[in-house]
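J.: Provided below are the primary sequence and the corresponding predicted coordinates.
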Amino acid sequence: MTRPLPPIVHRKDLTFWQKLYIPEIVRGLKITITQMFRPKFTRQYPEERWVPGAAFRGRPVLVEESGVERCVACGLCSRVCPALAIEVQASESPYWKERYPVKFEINMLRCIFCGFCEEVCPEEAIIMSKEFELTFHSQEDAIFPKEKLLKSKEEMKERLDYLRANR
Amino acid sequence: MATITIDGKQIEVEGRPTVMQVALANGIQIPQFCWHPRLSIAGNCRICLVEIEKMPKLAISCQTTVSDGMVVRTTSEKVINAREAVMEFLLINHPLDCPICDEAGECKLQDYAYQHSAGVSRFEFDKVRKPKRVELGPRVTLDTERCIMCSRCIRFCDEIVKTPQLVFTKRGDHVELTTFPGEKLDNPYSMNTIDLCPVGALTSTDFRFKSRVWEMSSTPTICQGCSRGCNVHMWVRNNQIMRLTPRLNPDVNDYWMCDHGRLNTFKSVNAGDRIHGPMIRKEGQLVEVGWDEAVASLVSNLKSFRGGEIAAIGSAYATNEDNYIFRRLMTHVGVENFGFLSHIDEGRADDFLVTADRTPNSLGANLVAGQQGRAPADAESIIGKIAAGQIKMLYVMDDDLGSVPGFEDVLPKLEILVVHASNHSLTTRNADIVLASSTYAEKNGTMVNVTGRVQRIKPAVATLYDERSLDGFSMSRWDKFGAHNDRWTRGQKFDVKESWRILVGLGNAIGLKWKYANSQEVFAEIVAKIPAFRGLSYASIGRSGAPVRTPSEKPVAAGT
Ligand code: SF4
Ligand code: SF4
Ligand code: SF4
Ligand code: SF4
């Protein structure tokens, strides 16, 4: 079966005034000059930094509660992650939760900050932080191990409260 | 002959089967927890309730035998309400541990919670708490809270293994599964209860928390634990074998396999003593060399001895393809002493699955190798000839001389010892040339089990020469989407080749011009040359195997 051809778009002809060229230049200059007298929005980054609100989705972090991660290594975040950024390896823990992640790695080159991991987590153990400035010098550096991902529950209070309020 | 109607479909039935059996045989799904085709009917889970016309109440389809004119409904409102009620009751005290439960992903309770439950609970009280992480036996861990009291595990021990070890105690919602006083769940088939358990109450102590089920690929292959050749699924993640589970084959192992096969047969594939690339002894030390150098050294050694001075030992651990090519090559170079080591242990056999022959393919090895030229020599005669100085070079393929008493003492008498091996052993420690060969998990091929059934093994673990996506391997999601810079794609691949392929390289080095490209072509030649295999092909063997022919041209009877 042959596909129908895409419709032909006809370009509009220039009007008489546009063809004259000079009036159009004047019109452009007018826009530039009016902008010069409007208030400034430019932020002097990195001297001046922006602190996002609680709803912002920065890099995912693991919540630490009384010195241990909440994560039970169920692997649901790893499964739901559309970018396959998360690798989890479970092991037996002595605590009542039975299991914990011996290995928890997020490849920040893969992560697309979608927040699915946060949404699926049954333990509220992985949540999105406010951190968005990420630079690496090698691909290996971009794979964050568990130590780099852990943030205390107190530190993450704002986001946790936000999640509770908007469940 | 009776005619019954299920969901408007008229079905003619012979004899007196149950409604469940008729429905399943005709593609009508009825949920079931406690019912299992090989166990007695318990009728305790109630999830299989169906509506039968002229019966006052819903009936359990697993125990109701059909009668002429019966009209059954499996999807009426009444049935659906009943199923939802059963699910709600089952979930009242269920811990909903799914995130930490090994069964998650292959759990009947999870599946049915999606298919047959209203999805809400009206229960507002504390759930009953029961012991978790109970060591029910050396290989099985019980989570008593997750048990839904279906009694499948109890019936398996009573009826299939005939060693009653499990029992329920207490009453009502406090019922607990436990072992009889002083007993452990330690029968040689105990791990089948893990597969039978519809929930995650019984889990494998060995596999516990190693992987989520959806992270692995599974490959249909054959267990190497004994000559029964139980059909199994091999589960692999990141090129490492994580577990084996039985695969249904009514002609071989039915739904079952033994604990030894499940636990002890695959660990050597991932073990630390794997051989990585060929090695040659130089100045008393085995050093790694390239394949070409190893083969060249082997060729010059083969040429420097007369056929009578060389002995060759094939292997009942190797495939038919390996043994066939080995025998052909050895016959070509004039080797007269060709034999196999026997690994019979009478004490290990039982009257269920386990056989005395600890190798998976002694029948096949003898069939493909034994019919070319002379009858196979036994280990004693080879040992005797080495001791007498008649045999100067010994070529061993995929077996360990350390398993036969007497060999170790005569090894110093040999001038050259060559071995194909995947793991280090007494033989490799004494060898002059070691050719790194694939394990059963890394190659294609066929084996013949104790009843004369030809079965396929398939590669599940990739070697340095394989690419999962191109070579027809089973693929997990991780395999499909992984890139070279992901840590989870870097599972070790060994520099090993199938024994038959090593031998073809060797044959070509001595000028044979062999053209086998894959194991299937080797098998096609076996089929053409050896009467027992006549008419077979990889396609006709398929997933469930096919019997070899006896000399009288009749296929060997299945079963026994
Ligand atoms: S935010 Fe999205 S892409 Fe990033 S790790 Fe979580 S699920 Fe994956
Ligand atoms: S979903 Fe949550 S609990 Fe599960 S592995 Fe991810 S972080 Fe851990
Ligand atoms: S048995 Fe099934 S439903 Fe229960 S916790 Fe395990 S996976 Fe979840
Ligand atoms: S442990 Fe599993 S198989 Fe045994 S009774 Fe409980 S649910 Fe059924």
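T.: Alright, I've got the coordinates. Residues are numbered from 1 along each chain as shown, chains lettered A, B, ... in the order given. Ligands and ions are numbered 1, 2, ... in the order given.
J.: residues in contact with residue 18?
T.: Unless you meant another one, I'm taking chain A. Counting by Cβ atoms under 8 Å, 6 or more residues apart in numbering or on different chains, A:Gln18 makes contact with A:Glu24. Backbone N, C-alpha and C define where each C-beta goes, glycine included.
J.: please go with chain B instead
T.: B:41, B:61-66.
J.: How about the secondary structure of the residue in the stretch 51-200 of chain B that ligand 2 sits nearest to?
T.: Nearest to ligand 2 in the stretch 51-200 of chain B, going by Cβ to the nearest ligand atom, is B:Pro99, at a distance of 5.8 Å. Classification of B:Pro99 using DSSP: H, G, I helix; E, B strand; the rest coil returns helix.
J.: Can you report how many residues lie near it?
T.: By other Cβ atoms under 10 Å in any protein chain shown, 18 other residues sit near B:Pro99.
J.: Check what pLDDT the spatially closest residue to it that is not a sequence neighbour gets.
T.: Leaving aside its sequence neighbours, B:Pro99 sits nearest to A:Cys74 (Cβ to Cβ, 6 or more residues apart in numbering or on different chains; 3.4 Å). On pLDDT, A:Cys74 comes in at 97.
J.: does A:Cys74 really touch B:Ile100, like I thought?
T.: Yes: if you go by Cβ atoms under 8 Å, A:Cys74 and B:Ile100 touch, sitting 6.4 Å apart.
J.: related to what we said a few turns ago, now the residue nearest to B:Pro99: how far from B:Ala104?
T.: Distance of A:Cys74 to B:Ala104, computed by Cβ to Cβ, to the nearest Å: 8 Å.
J.: which residues are in contact with both of the two?
T.: B:98, B:212.
J.: Neighbour count for these two, which is higher?
T.: Neighbour comparison, A:Cys74 and B:Ala104: the larger count goes to A:Cys74, with 24 against 20 (by other Cβ under 10 Å).
J.: Who are the contact partners of the residue of the stretch 51-200 of chain B closest to ligand 2?
T.: B:Pro99 makes contact with A:72, A:74, A:76, A:122-123 under the criterion Cβ under 8 Å, 6+ apart.
J.: Compare the contacts of B:Thr18 and tell me which has the most neighbours.
T.: Ranked by the number of neighbours (other Cβ under 10 Å), these place B:Ser61 first, at 30 neighbours.
J.: Just give me the residue right at the centre of chain A.
T.: Chain A has A:Phe113 as the residue nearest its centroid, 3.2 Å off, counting by Cα atoms, centre = their mean.
J.: Isn't that one up against A:Arg57?
T.: Yes: using Cβ under 8 Å, A:Phe113 is in contact with A:Arg57, at 5.0 Å.
J.: And the strands in the stretch 151-300 of chain B, which stretches?
T.: B:166-169, B:176-179, B:202-204, B:217-222, B:231-237, B:240-246, B:279-282, B:285-288 (DSSP state E, counting those that start in this stretch).
J.: Any idea which of those strands gets closest to ligand 1?
T.: Judging these by Cβ to the nearest ligand atom, what sits closest to ligand 1 is strand B:231-237, at 19.2 Å.
J.: for the closest one, packing partners?
T.: The contact analysis (3 or more Cβ pairs under 8 Å, 6 or more residues apart in numbering or on different chains; DSSP states H and E) places strand B:231-237 against strand B:217-222, strand B:240-246.
J.: Quick one: mean pLDDT for that strand?
T.: 98.
J.: What strands line up against that strand, and which way round?
T.: Next to strand B:231-237 in the sheet, as set by DSSP bridges, lie strand B:217-222 (antiparallel), strand B:240-246 (antiparallel).
J.: next one: phi and psi at the closest residue to chain B within chain A?
T.: Closest to chain B within chain A is A:Cys74: 3.4 Å, counting by Cβ to the nearest Cβ. Phi and psi for A:Cys74, reported as degrees, to the nearest 10, are phi -70, psi -20.
J.: Following element in sequence after the helix ranked longest in chain A, please.
T.: For chain A, the longest helix by residue count, based on DSSP state H, is helix A:22-36. For helix A:22-36, the following helix or strand on the C-terminal side (DSSP states H and E) is strand A:60-65.
J.: Show the subsequent helix or strand relative to that next one.
T.: Heading C-terminal from strand A:60-65, the first helix or strand you meet, by DSSP H and E, is strand A:68-69.
J.: Please enumerate residues in contact with that following strand?
T.: A:62-63, A:95, A:100-101, A:104, A:125, A:146, A:150.
J.: Can you tell me which residues in chain A are near ligand 2?
T.: A:71-77, A:88, A:120-121, A:123, A:125-126 (Cβ under 6 Å from any ligand atom).
J.: The residues you listed in strands, which ones?
T.: Among those, the ones falling in strands (DSSP state E) are A:88, A:126.
J.: Same list (the residues of chain A next to ligand 2) but as a markdown table, adding distance to B:Phe156.
T.: Shown next, in a markdown table, are these (distance: Cβ to Cβ, whole Å):
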| residue | distance to B:Phe156 |
| --- | --- |
| A:Cys71 | 35 |
| A:Val72 | 30 |
| A:Ala73 | 30 |
| A:Cys74 | 29 |
| A:Gly75 | 29 |
| A:Leu76 | 31 |
| A:Cys77 | 36 |
| A:Val88 | 33 |
| A:Val120 | 35 |
| A:Cys121 | 36 |
| A:Glu123 | 34 |
| A:Ala125 | 37 |
| A:Ile126 | 39 |
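J.: ok, of the residues of chain A next to ligand 2, which come out buried?
T.: By neighbour count, with 16 or more other Cβ atoms under 10 Å in any protein chain shown, these hold A:71-77, A:88, A:121, A:123, A:125-126 as buried.
J.: May I ask you to confirm that A:Leu84 is in contact with B:Lys480?
T.: No: using Cβ under 8 Å, A:Leu84 makes no contact with B:Lys480, being 9.7 Å away.
J.: mind checking the SS state of B:Ile47?
T.: Going by three-state DSSP: B:Ile47 is coil.
J.: got any ranges where chain A has weak pLDDT?
T.: A:1 (pLDDT under 70).
J.: Mind naming the longest strand for it?
T.: Looking across chain A with DSSP E, the single longest strand is strand A:99-107.
J.: can you give me the angle that strand makes with strand A:60-65?
T.: Counting by axes from the mean of the first three to the mean of the last three Cα atoms, to 10 degrees, strand A:99-107 lies at 150 degrees to strand A:60-65.
J.: quick one: strand A:99-107 near ligand 3?
T.: No: using Cβ under 6 Å from any ligand atom, strand A:99-107 stays clear of ligand 3, with a minimum separation of 12.6 Å.
J.: chain center to that strand: distance?
T.: Centroid displacement of strand A:99-107 relative to its chain, using Cα atoms, centre = their mean, to the nearest Å, is 20 Å.
J.: One more: stretch A:11-28?
T.: Relative to the chain's own centre, stretch A:11-28 is displaced by 43 Å; criterion: Cα atoms, centre = their mean.
J.: got the CA positions of it in PDB?
T.: Extracted in PDB, the C-alpha atoms of stretch A:11-28 (Å, rounded to 0.1, in the frame of the first residue of the first chain):
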ATOM      1  CA  ARG A  11       4.200  29.800   1.900                       C
ATOM      2  CA  LYS A  12       2.500  33.100   2.100                       C
ATOM      3  CA  ASP A  13       3.800  35.800  -0.200                       C
ATOM      4  CA  LEU A  14       5.400  38.800   1.500                       C
ATOM      5  CA  THR A  15       3.200  41.900   1.700                       C
ATOM      6  CA  PHE A  16       4.100  45.100   0.000                       C
ATOM      7  CA  TRP A  17       5.400  46.700   3.300                       C
ATOM      8  CA  GLN A  18       7.400  43.600   4.100                       C
ATOM      9  CA  LYS A  19       9.000  43.700   0.700                       C
ATOM     10  CA  LEU A  20      10.200  47.300   1.400                       C
ATOM     11  CA  TYR A  21      12.500  45.800   4.100                       C
ATOM     12  CA  ILE A  22      13.200  49.000   6.100                       C
ATOM     13  CA  PRO A  23       9.900  49.000   8.000                       C
ATOM     14  CA  GLU A  24      10.500  45.500   9.200                       C
ATOM     15  CA  ILE A  25      13.900  46.400  10.500                       C
ATOM     16  CA  VAL A  26      12.400  49.200  12.500                       C
ATOM     17  CA  ARG A  27       9.800  46.900  13.900                       C
ATOM     18  CA  GLY A  28      12.500  44.500  15.100                       C
END
